[in-house]
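Colleague: got a structure for you, letters missing:
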């Protein structure tokens, strides 16, 4: 008998306000979001709507002005800076639009970087790196430097780096935004496989309806609130 997946990410009554001089910028307004275990969620919205801000709050890179962010049993917004660093290293994998690979390091060394924050020894780190590169289909490029890799291959290395610690949640900020359609489709297929075959919970920010169609659910951010329908671009 199948069971309903448990809620893994719980964002409750979150507001986020930034100060610009004497002006307050209200980005998120009493926002609620629940994401189930092993769900692939696409988060869409116009530029400046706060999509990346929300992603940063879920990933513990920023704190809400008010409200709470909970991942599993952990209240992320209540952790100290030191606790947050350790928590992110264990529970969050980040995938960025522009890859953020270190050019002086090989693919395998870039993938290894998050493991340097763990207690794994060198041999154990090598095993994890090899498994992550195999999962993204790049075992044969382990010794390659980023400058010799295509954009799609660089993003695969970025994804391998994000999953090498077996994180609880994978956060992807425009993961196909710098790729051509073919390479972007390959990355989306890989993300779907990580979700479907490996049970990874994925939250993906995207502007592209073609990308969001690969997710199991899409929500739209408009005027600091989430909705299941796109914002009306003609609305005042």
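Modeller: Okay, I see it. On a predicted model such as this, the values are computed, not experimentally measured, just so you know.
Colleague: quick one: residue 203 and residue 130, what's the gap?
Modeller: Plainly put, residue 203 is 27 Å away from residue 130 if you go by C-beta to C-beta, to the nearest Å. In short, each C-beta sits where N, CA and C put it, glycine included.
Colleague: before we move on, what about residue 70?
Modeller: On the measure of C-beta to C-beta, residue 70 and residue 130 end up 34 Å apart.
Colleague: so for residue 203 and residue 130, which residue has more residues nearby?
Modeller: Set side by side, residue 203 and residue 130 show more neighbours around residue 203, with 24 against 16, by other C-beta atoms under 10 Å.
Colleague: who does that one bridge with?
Modeller: Here residue 203 sits in beta bridges with residue 41, residue 171, as judged by DSSP bridges.
Colleague: contact partners for it?
Modeller: 9, 35, 41, 43, 55, 58, 169, 170, 171, 172 (C-beta atoms under 8 Å, 6 or more residues apart in numbering).
Colleague: tell me the SS of the second one?
Modeller: Three-state secondary structure (criterion: DSSP: H, G, I helix; E, B strand; the rest coil) places residue 35 in strand.
Colleague: and what of the first one?
Modeller: Using three-state DSSP as the criterion, the local structure at residue 9 reads strand.
Colleague: what sits against the residue lying closest to it once chain neighbours are set aside?
Modeller: Nearest residue to residue 9, sequence neighbours excluded (C-beta to C-beta, 6 or more residues apart in numbering): residue 35, at 3.8 Å. With contact set as C-beta under 8 Å, 6+ apart, residue 35 has these partners: 7, 8, 9, 41, 169, 201, 203.
Colleague: tell me the one of those residues nearest residue 51?
Modeller: When the contacts of residue 35 are compared for distance to residue 51 (C-beta to C-beta), residue 203 wins out at 10.0 Å.
Colleague: any idea how far residue 108 is from that closest one?
Modeller: For residue 203, the distance to residue 108 - C-beta to C-beta - is 27 Å.
Colleague: do residue 134 as well
Modeller: 11 Å.
Colleague: how about residue 192?
Modeller: Distance check for residue 192 against residue 108: by C-beta to C-beta, it reads 25 Å.
Colleague: what segments of this structure are strands?
Modeller: Ranges of strands within the chain are 7-20, 23-36, 40-44, 66-71, 74-75, 92-95, 169-173, 201-205, 217-222, 225-227, based on DSSP state E.
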